[in-house]
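**Q** Mind folding the following:
(2 chains)
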Amino acid sequence: MSRDAILGGIRRGLRRGPLPEDQAMALRARLAAHPRHLLPARTRLPRPALIEQFAGYLQREFATLARVTAAGDVPGAVADYLAAENLAPVLVMAPHPALRALAWSQQPRLTIREGRAEATDVIGLQHGYAGVAETGTLMLPGGPERPTTLNLLCETEIVVLRASRIVGAYEEAWDLLRAEGGGGMLPRNVMFVTGPSRSADIESVLELGAHGPRRLHVVLIEDDPAARD
Amino acid sequence: MHVTSPQFKQNADRAMADVGLQTALARTQAGFPARRAAAVAALPEFEALREAGKQIKDHSLAHLDFYLDTFAANVERAGGRIHWCATAEAARDAALAICQEAGARTATKGKSMISEEIGLNDFLAANGVTPVETDLGEYILQLRHEPPSHIIAPAFHLNRADWEASFRAAHRDLPADRVFSERRDILAEARARLRAQFLAADVGITGANFLVAETGSSVLVTNEGNGDLTQTLPRVHIVLASIEKVVPTLEDATTLLRLLARSATGQDASVYTTFSTGARRPADPDGPAAYHVVLLDNGRSAMVGTEFQDMLRCIRCAACMNHCPVYGTVGGHSYGWVYPGPMGSVLTPSLIGVDQAGQLPNASTFCGKCESVCPVKIPLPNLMRHWREREFERHLTPATLRRNLALWAWFARRPAAYRLATRAGAAVLGILGRRRGRLAYLPLAGGWTEGRDLPAPEGDTFFARHARAERQRVGG
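**A** A predicted model of the protein is given here:
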C-alpha cells in the first residue's frame, strides 16, 4: 500500500522504525500544548496603539474604514458608505445574530437579504470574527452564521467588526477560535483577509479587483473601554 | 512536462537573446528584492523568525512519518479523504478518479506547482475533464500552452502586448475592436471570463502552502481570491500537496506564514490566507460536499536522511530566484522543468535525476545570495556543490572539463611544480598584457574572455609576494 511505502521510505531515511511510544507521546503533548514561537513586538502594544495599528495597516492594504461609537450606528454608516460610493443599496447579509439585532429598519434606503452570496449579489455584509493588528487582517471563520461566499463573490464586501475583538497576533486569534469554536475541530473554512483582492501578474504591477471583491470596507464599532484615551 | 534541462546552455543562449524576456527580467529582478527588503526592514524580528522557521521544518521532517499519519487521521475525522501517492502517475490517477466519480466535466484550478510536477492538466484533458487555470498568470499560460517561468509569478516573462494578443486570440466572441488601454482592462476581461467558469465547475483543484497535522487542515495563500473561489464553489475540492508540506500546529504554520509573504512578494500578509478542514458541515450554507487530499511523495521520502533533506524545508517563496544573478539573466524556462532558480537547481536533480538535470547545479556563481535570503536557511550553494560532486563521481561531467580538472589536480598536489607553472604563466601573461594592462583573449579560456577582459598579472605570483613579505617581516 502506498501509505506504507511512503512512511517506510521516510523511516529508512531517518534510520528507525515507527516512533517509539515515549517519543510519540512527547509529540502528542506538543500538539496538545501547541506552543507559540516568537511573537513580534508589534503584536504586544497597549490596546489603543494596537487598534490604531490595525486601522493603519488595514488602510495601507487598500481597505477603507468607518468608525462608529456604538453598534446602533452601523446601519447608518453602511447606508452612508454605499451612497458615497454611488452603489445601489441592495445587500446580502450574513445571518449572524449580532447583525440581525441591528436596527436596519431605520434605514429604509437599504434592501437586505440574508444568506450566502450568489453570483448575482453585488454587495455583501459580513460579520467580522476578529481583527489581527499585526497585519491589519480580518479573521472570518465560515459557518451557518458567516457564509464563506460572502467573502468572495460580491464586488464589494463590508465587514462589521468590534474593536474589542482586535487582537495583536494571529496566535491570539487562534486562541479565541479554539476557546469559542466547536470542540476541537476547526470550521471547514477559516479565512484571513487582508485588503481587497489583487494581482500583479501583468508586468508585476499591482491592480486591485482580481477574482475576489474589488472593495473591502470595514465598519469598526469602538466598543473597547480599554482603547479609549 | 517535457524536460529540457539537459539543454540548459542552449536554452540560456536563447533566453539571453529574447528581448521581451530581458525586459521582463529587468523589471522583476529589481522589484522583488526591493519589496522584500522593505518588508524585512519593517519587522525587526525577521532574522529570529528565520531561525524559528528552520527549526519548525527540521522538527517536522525529523518526525515526518508521525505528522503525516496525524494529519491523515485528522483529515478523515473532519470528513475528508486522503490519497497516498508514491509517484506522479499515482497522483494523476487519484485526481482523475475523483473527478470521474463526481461526473466532472470541468475542473477549475488554483495555482499548484505539484500539478505542474505531475503533468495533471494534459492528463485530465486527455481523459475528458477540462482543466481551467484561474490564477491570472496561469490562465494566460494555459491559453499560450506554456509552462510557468517562476513559482509565484508564473507569467512574469510576458509583456502587455503578449497579454493583449493572447486575449484577442482566445476570446473571439468579444468585440474585435475593444480597447485595452490599461492593465486593468486585461484584468477585468479575465475576471468576467473566469467568473462563469468558477460557477460552472464540478471540481476545484488547488495546491497547499502548508498542511497542519493538529487540525487536518490545508493552508492556501493567494492574492487574487481565485484559489478560494476554486475551493469554495464546486461540489468537490481536491488538494494537491507533497509530503514535506506538513507542520505540526496552527502556531507552527503561523510562524512560517510570517516568513512566506514577506520573502515572496514583500507583503506583510497575502490578501487571502485560508485554512480548509474537511468537507462542508451539515449546517454550512456553502462549501464543497467532498474534500480530498492527494498526498504526493514522488522522490521526496528518498531525500530524507541524505544531505538533501535540508531542501525539504523549502516553503516555495521564490526569494532565491528573485535574488539570483543567473536566474536574473536566463529566466525560468531555461531550467527546463518545473522548478527554476537555485531551489530548482537543487530539487530538480533529486526529482528527475542528476543525469537529466546535472547542468542546473553548475549554473551558479556561488555568490550565496540565495542562502542569505532563504526564509528557512537552506544552504543552497552547498547543496548545489553536493550535486556537482555526484555528477563528477558518476562520470556525467564533459570529458574536457574532467581532463582539465585532472591536469589542475596534478599540479595542485605538487607544490613545487605548481609554483613553477604559475610563475611561468604569470610572467608570460604579464609580458603579453604589458601594453594595455589587460588581456582580451586567452587561449583555452575563450569562453571566459568573450564577455570580459582579464587584468594582466604584474609579473609576480601571490606565493612570491607572500614569501617576500614574510622575509621582510621576520628580518625587520
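**Q** Count the residues that sit near residue B:4.
**A** Neighbour count of residue B:4, defined by other CB atoms under 10 Å in any protein chain shown: 16. The way it works is simple: take the backbone N, C-alpha and C, and place the C-beta from them, glycine included.
**Q** Now do the same contact list for the nearest residue to it once chain neighbours are set aside.
**A** Nearest residue to residue B:4 in three dimensions, chain neighbours excluded: residue B:336, at 3.7 Å (CB to CB, 6 or more residues apart in numbering or on different chains). Applying CB atoms under 8 Å, 6 or more residues apart in numbering or on different chains, we find residue B:336 in contact with B:3, B:4, B:5, B:6, B:7, B:8, B:11, B:357, B:360.
**Q** Roughly how far does the residue in chain B positioned nearest to chain A sit from residue B:113?
**A** Residue of chain B nearest chain A, by CB to the nearest CB: residue B:225 (2.6 Å). Noted for residue B:225: a distance of 19 Å to residue B:113, by CB to CB, to the nearest Å.
**Q** Same drill for those two, tell me which one is more crowded.
**A** Neighbours were counted for residue B:225 and for residue B:113 using other CB under 10 Å; residue B:225 has more, 29 against 17.
**Q** List the contacts of that one.
**A** A:152, A:197, A:210, A:211, A:212, A:213, B:271, B:272.
**Q** Check whether the third one really touches residue A:200, as I assumed.
**A** No. Checked against CB atoms under 8 Å, the pair residue A:210 and residue A:200 is beyond contact range at 9.5 Å.
**Q** Identify the contacts common to those two.
**A** With CB under 8 Å, 6+ apart, residue A:210 and residue A:200 have common neighbours residue B:223.
**Q** The two: which is more packed in?
**A** Legend: neighbour count by other CB under 10 Å for residue A:210 and residue A:200, higher for residue A:210 (27 against 22).
**Q** Tell me where the chain has strands.
**A** Using chain A. A:64-68, A:90-93, A:111-114, A:123-127, A:130-132, A:137-141, A:156-162, A:166-167, A:189-193, A:198-199, A:207-208, A:215-221 (DSSP state E).
**Q** Chain B was what I was after
**A** Assigned by DSSP E, chain B shows strands spanning B:81-85, B:106-109, B:130-133, B:203-206, B:210-212, B:217-222, B:236-242, B:246-247, B:272-276, B:290-296, B:438-439, B:454-455.
**Q** got a list of contacts for the last one?
**A** The contact list for strand B:454-455, computed with CB under 8 Å, 6+ apart, reads B:429, B:433, B:437, B:438, B:439, B:442, B:445, B:448.
**Q** can you check the first one too?
**A** Contacts to strand B:81-85, defined as CB under 8 Å, 6+ apart, come from residues A:1-3, A:6, B:72, B:75-76, B:91, B:94, B:98, B:290-298.
**Q** Filter those residues down to the buried ones and hand me the ChimeraX line.
**A** For the buried members of the contacts of strand B:81-85, the matching ChimeraX selection, counting by 16 or more other CB atoms under 10 Å in any protein chain shown, is:
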select /A:2,3,6 /B:72,75,91,94,98,290,291,292,293,294,295,296,297,298
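**Q** Nearest spatial neighbour of residue B:391, chain-adjacent residues omitted?
**A** residue B:358 (4.3 Å).
**Q** wouldn't that neighbour be in contact with residue B:387 here?
**A** Yes. Between residue B:358 and residue B:387 there is a contact under CB under 8 Å: 7.2 Å.
**Q** shared neighbours of the two, anything?
**A** residue B:349.
**Q** Domains in chain A, by residue range?
**A** A:1-35, A:46-227 (automatic domain parsing).
**Q** which bits of the stretch 101-250 of chain B sit near chain A?
**A** By CB under 8 Å from any CB of the partner chain, the residues of the stretch 101-250 of chain B that approach chain A are B:134-137, B:140, B:153-156, B:158-160, B:163, B:183-184, B:186-188, B:191, B:194-195, B:198-199, B:213-215, B:217, B:223-226, B:228-229, B:232-233, B:243, B:248-250.
**Q** Restricted to helices, list those.
**A** B:136-137, B:140, B:160, B:163, B:183-184, B:186-188, B:191, B:194-195, B:198-199, B:226, B:228-229, B:232, B:250 (DSSP state H).
**Q** Counting neighbours, which of these end up buried?
**A** Among those, those classed as buried by 16+ other CB under 10 Å are B:136-137, B:140, B:163, B:183, B:186-188, B:191, B:194, B:198, B:226, B:228-229, B:232, B:250.
**Q** Tell me the one of those nearest residue B:39?
**A** residue B:137 (21.2 Å; CB to CB).
**Q** ok, now which ones touch the closest residue to residue A:9 other than its chain neighbours?
**A** What sits nearest to residue A:9 in space, not counting adjacent residues and going by CB to CB, 6+ apart, is residue B:301, at 3.4 Å. For residue B:301, the contact set (CB under 8 Å, 6+ apart) comprises A:6, A:9, A:10, A:13, B:243.
**Q** so which of the residues you listed comes closest to residue A:34?
**A** Within these, distances to residue A:34 taken as CB to CB reach their minimum at residue B:243, with 21.6 Å.
**Q** which residues touch the closest one?
**A** Residue B:243 touches A:6, A:10, B:64, B:68, B:295, B:296, B:297, B:300, B:301, counting by CB under 8 Å, 6+ apart.
**Q** just residue B:65 next, same as before
**A** A:7, A:10, A:11, A:14, A:18, A:19.
**Q** so what's the backbone phi/psi at the closest residue to residue A:199 other than its chain neighbours?
**A** Nearest residue to residue A:199, sequence neighbours excluded (CB to CB, 6+ apart): residue A:210, at 4.1 Å. Main-chain torsions, residue A:210, degrees, to the nearest 10: phi -80, psi -110.
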